[in-house]
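Asker: model this:
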Amino acid sequence: MDDLKQLLTYLHWDTPSDKLQEAKIQFKKLKDEELKILVQPIDKMHWDHAANVIIEIGYPRVHKILPDLLEWLMDINWPGAIRISEFLVSIKEPLIPSIKEALKSEDMIWKYWIIECVLIKWSVDLVEQITDELIFVASKFDDEEVHLSALKLLVQYKMLESKESLNLIDSKLQDIRNCDIFDELNQLKTMVLN
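Answerer: Got it, this is the predicted structure:
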């Protein structure tokens, strides 16, 4: 374990490339159940290289840490988060159970990044598997406008019947808390009607 802790220190952003490459070789030898140690290790100065190692290890080896990798998207400004989000996009269907759980959480910012960094890059057939969760998010109100992101995805991917989309949009237009997004809601309504 001490060797592993020492190895993690080589993921620091200013580690010389030869030491970093040696660490990567050693990390790739870890058992699948040990890979969690690479998820946001030590501190943020180690996360960029940790993300790179995880991506190099790749799927399906990282299947056991998919929920942990999805948590990296809780703040897209965290080091490595954008690369992890791009990696998660490529995993597709195996990630769906973790996304369904995340969309049930109370963390609105996390939901926003999942929608904006993963789901909008997926094909309709993948996103359709999360329709119920997206409807749930879209039907609520939140100050971060995650409900709007979910609604946009539902409308753009034509995941609902026109009448259902219009009812959802109209209910939002009747809520004064949405006054800042009335223009966007009306644009969505126009999309549905055309």
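
Asker: hey, let's count contacts and neighbours off CA atoms from now on
Answerer: Will do.

Asker: what's the distance between the spatially most central residue of the chain and residue 40?
Answerer: Nearest to the geometric centre of the chain sits residue 114, at 3.1 Å (CA atoms, centre = their mean). According to CA to CA, to the nearest Å, residue 114 and residue 40 sit 18 Å apart.

Asker: Please apply the same query to residue 94.
Answerer: Applying CA to CA to residue 94 and residue 40 gives a distance of 21 Å.

Asker: ends of stretch 23-42, how far apart?
Answerer: Stretch 23-42 stretches 15 Å from its first residue to its last (CA to CA).

Asker: just how off-centre is the host helix or strand of residue 20 within its chain?
Answerer: In the assignment (DSSP states H and E), residue 20 maps to helix 17-27. Averaging C-alpha positions (CA atoms, centre = their mean, to the nearest Å) puts helix 17-27 28 Å from its chain's average.

Asker: which parts of stretch 44-61 are buried?
Answerer: Buried positions in stretch 44-61, judged by neighbour count with 16 or more other CA atoms under 10 Å: 45-55, 57, 59.

Asker: same deal with stretch 64-84?
Answerer: Counting neighbours by 16+ other CA under 10 Å, one finds that the buried residues in stretch 64-84 are 65-67, 69-74, 76, 79-82, 84.

Asker: How about stretch 131-144?
Answerer: Buried residues in stretch 131-144, defined by neighbour count with 16+ other CA under 10 Å: 131, 133-135, 137-139.

Asker: Of the residues you listed, which belong to helices?
Answerer: 131, 133-135, 137-139 (DSSP state H).

Asker: Which one of those is nearest to residue 26?
Answerer: Lowest distance from residue 26 to these (CA to CA) belongs to residue 133, with 39.4 Å.

Asker: thinking again about what came up before, if we only consider the buried residues of stretch 131-144, which is nearest to residue 120?
Answerer: Among these, and counting by CA to CA, the member closest to residue 120 is residue 134, at 12.0 Å.

Asker: which one is the closest one nearest to, not counting chain neighbours?
Answerer: residue 150 (5.5 Å; CA to CA, 6 or more residues apart in numbering).

Asker: pLDDT below threshold where in this protein?
Answerer: Residue ranges of the chain with pLDDT under 70: 1-2.

Asker: ranges for the helices of it?
Answerer: Counting by DSSP H, the chain has helices at residues 2-9, 17-27, 47-57, 66-71, 81-91, 96-103, 108-117, 124-127, 131-139, 146-156, 162-173, 182-193.

Asker: who does the third one touch, helix- and strand-wise?
Answerer: Helices and strands touching helix 47-57, as assessed by 3 or more CA pairs under 8 Å, 6 or more residues apart in numbering; DSSP states H and E, comprise helix 81-91.

Asker: Give me the distance between the two termini of stretch 86-103.
Answerer: Start-to-end span of stretch 86-103 (CA to CA) is 19 Å.

Asker: same thing with stretch 59-74?
Answerer: Criterion CA to CA; first-to-last residue distance in stretch 59-74 is 21 Å.

Asker: Having no further points to raise, I will conclude here.
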